[in-house]
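S.K.: Fold the stuff below for me.
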Amino acid sequence: MLGLTMKKAMGELALIERIRSESAAASSPGRGRRGSPNPGVVLGIGDDCAILRPQKGHDVLVTTDFTLEGRHFRRDWHPPESVGHRALARGLSDLAAMGARPLAAFLSLALPGEMLATAVGRSWVERFFAGLGGLAGQHRVPLAGGDTAESSDGLVLADIVLVGSAPRGRALRRSGGRAGDVLYVTGELGGAAAELAELERRSGKRQPTLSHRPGKDGPPGSVEHPQMYPQPRVSVGLALVRRRLATAAIDLSDGLSTDLGHLCRESGVGAEISAAALPIHPLVLKSRPASASAIELALNGGEDYELLLAAPAATRMPRSVAGVRITRIGSLVREEGVSIVDSRGRSRPLKPGGWEHFAGKH
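M.R.: Next up, the predicted model:
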């Protein structure tokens, strides 16, 4: 775990050295020594660059994601462990969608200048790294470097870069779908949006927010807190590639209605899904018992970080992969466009209703 113990105000160099000393076993696993969390990292924090060494016969995959205060989290709603966890989960979910094994993480963190000058601020940073480190340890991904800076607007900004590897030519892509393929999703949908709505409701009524601090056994699962502690489906992605179960995949970060459109566009196909088949998260059913409202949240909520995948109709897809439920929700079709069929068999176009940056919509 990347824990910190900061008892007085410190500058950038002191912060970096503290992170390095606390995370040495994870982020600099000793030039591939036996028993290290990830032997793919030859050299981690301390030099101008990290040195990675992927397995022979593997491709290297790289992804990056911003976590911006006010856009992706609020300090008065999300505990710092959640912010750190979510920052890493976003990148891990991208690797999961392509069936890649994580090699290393790189974090660039901008903090308000006053944060490291107070005990409360230093505690926030310590707990942020505890949350990030807990998920990093779960997936054996070392923090191998990054950067720190003082933010100019008093907000926290984190940029995570994840490097992974997949067998050469085997990584799943959005463009691999074909007409006739069956569509599946992992887990359940809408939970993250439902929990976020509850946080907003409590804030508006000035009630205590849902602040869960992980205990000694780590963070809760995505059933209890899907917004605060989403669980990236890394093991599922690895199994899909190893067992050759899928032809295309994408992670559901922006909402099923939006991300399905991305997959269809890259594959040059359309899709038809069944509203009745959608696996709805229990938090959605609790907060929105009306069927139409629950389906709307499952389609457009976003931040579930589940996987949407396509597989040939002849594939014998198991009910679960790596212990995660797999649900058939529809199929890819030759005609362009995405449609959804209701419980009465009526079909209508499904327009993207999830998140889109710079479009002012969610």
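S.K.: could you pull out the helices for this structure?
M.R.: Along the chain, counting by DSSP state H, helices occupy 12-22, 24-27, 80-97, 119-138, 191-204, 234-242, 256-267, 282-287, 291-300.
S.K.: And these: which comes nearest P167?
M.R.: helix 234-242 (6.8 Å; Cβ to Cβ). C-beta here means a position set from N, CA and C on the backbone, and glycine is covered the same way.
S.K.: what residue ranges in the protein score low on pLDDT?
M.R.: 1-38, 204-223, 354-362 (pLDDT under 70).
S.K.: Identify the residues contacting the residue nearest the centre of it.
M.R.: The centre of the chain sits closest to R90, judged by Cα atoms, centre = their mean, with a distance of 3.0 Å. If a contact means Cβ atoms under 8 Å, 6 or more residues apart in numbering, then R90 has 65, 67, 160, 253, 305 as its contacts.
S.K.: who's in contact with the second one?
M.R.: Pointing back at T67 there. Going by Cβ under 8 Å, 6+ apart, T67 touches 73, 83, 86-87, 90, 157-160.
S.K.: Just the CA coordinates for stretch 229-242, please, in CSV.
M.R.: Below are the C-alpha coordinates for stretch 229-242, written out as CSV (Å, rounded to 0.1, in the frame of the first residue of the first chain):
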residue,chain,number,x,y,z
TYR,A,229,-15.1,2.0,-5.2
PRO,A,230,-15.7,0.7,-8.8
GLN,A,231,-14.0,-2.6,-9.5
PRO,A,232,-12.2,-2.7,-12.8
ARG,A,233,-12.7,-6.1,-14.6
VAL,A,234,-9.0,-6.8,-15.2
SER,A,235,-9.3,-10.5,-14.5
VAL,A,236,-12.3,-10.8,-16.9
GLY,A,237,-10.4,-9.1,-19.7
LEU,A,238,-7.4,-11.4,-19.2
ALA,A,239,-9.7,-14.4,-19.3
LEU,A,240,-11.5,-13.2,-22.4
VAL,A,241,-8.2,-13.0,-24.3
ARG,A,242,-6.8,-16.2,-22.9
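S.K.: Begin at 59 from now on, thanks
M.R.: Will do, 59 is the new start, and the previous item becomes stretch 287-300.
S.K.: Buried residues, that stretch. List them.
M.R.: Judged by neighbour count using 16 or more other Cβ atoms under 10 Å, the buried positions of stretch 287-300 are 287-299.
S.K.: And stretch 375-394, by the same measure?
M.R.: For stretch 375-394, a neighbour-count test (16+ other Cβ under 10 Å) marks 375, 379-380, 382, 384-391 as buried.
S.K.: ok, which stretches of the protein are strands?
M.R.: 99-101, 109-110, 116-126, 159-170, 201-209, 215-225, 240-244, 306-310, 328-332, 364-369, 378-379, 382-391, 396-399, 405-407 (DSSP state E).
S.K.: out of these, nearest to E354?
M.R.: Smallest distance to E354 across the strands of the chain (Cβ to Cβ): 10.9 Å, for strand 396-399.
S.K.: Dump the closest one to PDB, restricted to CA.
M.R.: Extracted C-alpha coordinates of strand 396-399, given in PDB (Å, rounded to 0.1, in the frame of the first residue of the first chain):
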ATOM      1  CA  VAL A 396     -28.500   1.300 -32.300                       C
ATOM      2  CA  SER A 397     -32.000   0.300 -31.200                       C
ATOM      3  CA  ILE A 398     -33.600  -1.000 -28.000                       C
ATOM      4  CA  VAL A 399     -36.500  -3.400 -27.700                       C
END
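S.K.: related to what we said a few turns ago, any idea which of the strands of the chain is most buried?
M.R.: When these are scored by mean count of other Cβ atoms under 10 Å, the highest mean neighbour count falls to strand 364-369 (a mean of 28).
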